[in-house]
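**Q** just to be clear, the model below is a prediction. Sequence and coordinates:
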Amino acid sequence: MRAVTRVSGTAYPWGAKNVDTDVIIPAHWLKTITRSGLGRGAFETVRAQPGNLFDDPRYAGAPILIAGDNFGCGSSREHAAWALADMGVHAVIAPSFSDIFSGNAFKNGIVTVVLPQEAVDRLVEVAKTDPVTVDLETMTVTTPYQDRYTFELDPFRRRCLMEGLDEVGLTLAKDTVISNFEERLGVERPWIGRGRADHAGLAVEGAGRA
């Protein structure tokens with residue numbers, strides 16, 4: 001997972017409320033076995049509308065999405081976070097998020113920023129002409145007009161995002177501790193290792209008689 005300390009640039013000034021995961025990525029895109037290319041299906045029904053914001057060249061490749069209340073509600077599909085990441089979105093700002101979506105976003109390196117509705121409304125207006133910055137170091141969202149909004153984030157999630165650590169990365173970071181434990185266990189309780197070997201031998205022997 002890529003490390004995220006600061007996301008700055010153009011933002012999609014959407015502001016739509018109750019955007020569910022089927023809107024983020026329609027169900028027929030879930031047949032894929034890879035995350036790559038899901039960005040093409042992101043907001044497909046919205047993009048079918050003439051003059052939609054996601055195909056507006058002014059916001060092409062925007063790393064930030066500004067949305068309304070209850071973003072990511074609906075089904076628990078992780079594809080929603082995969083699609084956002086594939087289209088280049090690294091931060092979503094909204095008054096609230098579905099808990100499952102927020103968890104999926106975090107696991108895929110996407111920062112979910114919760115701000116009051118008044119702040120979101122202001123950012124939607126600013127984003128129509130100017131960039132927005134999300135900073136995990138200072139835990140703030142800022143604009144060129146001296147707007148400065150502070151937000152909160154679980155300390156563990158903040159650390160993982162800033163260091164680029166997913167579940168695999170967190171486990172690998174303890175590789176030495178795990179190896180030392182297994183080595184010590186082999187000395188202190190050698191019968192555990194023998195038991196595994198004996199069990200494997202019995203399984204093979206039984207298979208031979210069959």
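**A** Sure thing, it's come through. Residues are numbered from 1 along each chain as shown.
**Q** what about the host helix or strand of Glu182, distance to the chain center?
**A** Assigned by DSSP states H and E, Glu182 belongs to helix 175-188. The chain centroid and the centroid of helix 175-188 are separated by 33 Å under Cα atoms, centre = their mean, to the nearest Å.
**Q** same question for stretch 182-191.
**A** Chain-centre distance of stretch 182-191: 39 Å, with Cα atoms, centre = their mean.
**Q** looking at that stretch now, give me its mean pLDDT.
**A** Average pLDDT, stretch 182-191: 77.
**Q** quick check, central residue of this structure?
**A** Most central in the chain under Cα atoms, centre = their mean is Ala105, positioned 2.2 Å from the mean C-alpha point.
**Q** buried set for the helix or strand hosting it?
**A** Per DSSP H and E: Ala105 is located in helix 99-107. Neighbour counts over helix 99-107 (16 or more other Cβ atoms under 10 Å) mark 100-106 as buried. For every residue, glycine as well, the C-beta is placed using N, CA and C.
**Q** sorry, back to before: report the contact partners of the residue nearest to the centre of the chain.
**A** Going by Cβ atoms under 8 Å, 6 or more residues apart in numbering, Ala105 touches 72, 81, 84, 92, 97, 111-112.
**Q** and it, how far from Asn180?
**A** As judged by Cβ to Cβ, to the nearest Å, Ala105 and Asn180 stand 34 Å apart.
**Q** so where's this structure uncertain?
**A** Residue ranges of the chain with pLDDT under 70: 167-174, 193-210.
**Q** how does it divide into domains?
**A** Following automatic domain parsing, the chain resolves into domains at 6-164, 174-209.
**Q** before we move on, back to that, output the contacting helices and strands for the helix holding Glu182.
**A** Identification of packing neighbours for helix 175-188 by 3 or more Cβ pairs under 8 Å, 6 or more residues apart in numbering; DSSP states H and E yields helix 190-209.
**Q** which residues in this protein form helices?
**A** For the chain, the helices defined by DSSP state H cover 21-24, 44-47, 79-86, 99-107, 117-127, 155-163, 167-172, 175-188, 190-209.
**Q** what about Arg58, how many neighbours?
**A** Arg58 has 12 neighbours, counted by other Cβ atoms under 10 Å.
**Q** state the distance from the nearest residue to Phe43 once chain neighbours are set aside to Gln146.
**A** Of all residues not flanking Phe43 in the chain, Phe54 sits nearest, at 5.1 Å (Cβ to Cβ, 6 or more residues apart in numbering). Plainly put, Phe54 is 29 Å away from Gln146 if you go by Cβ to Cβ.
**Q** show me which of the two is the more surrounded one.
**A** Between Phe54 and Gln146, counted using other Cβ under 10 Å, the more crowded position is Phe54 (17 against 6).
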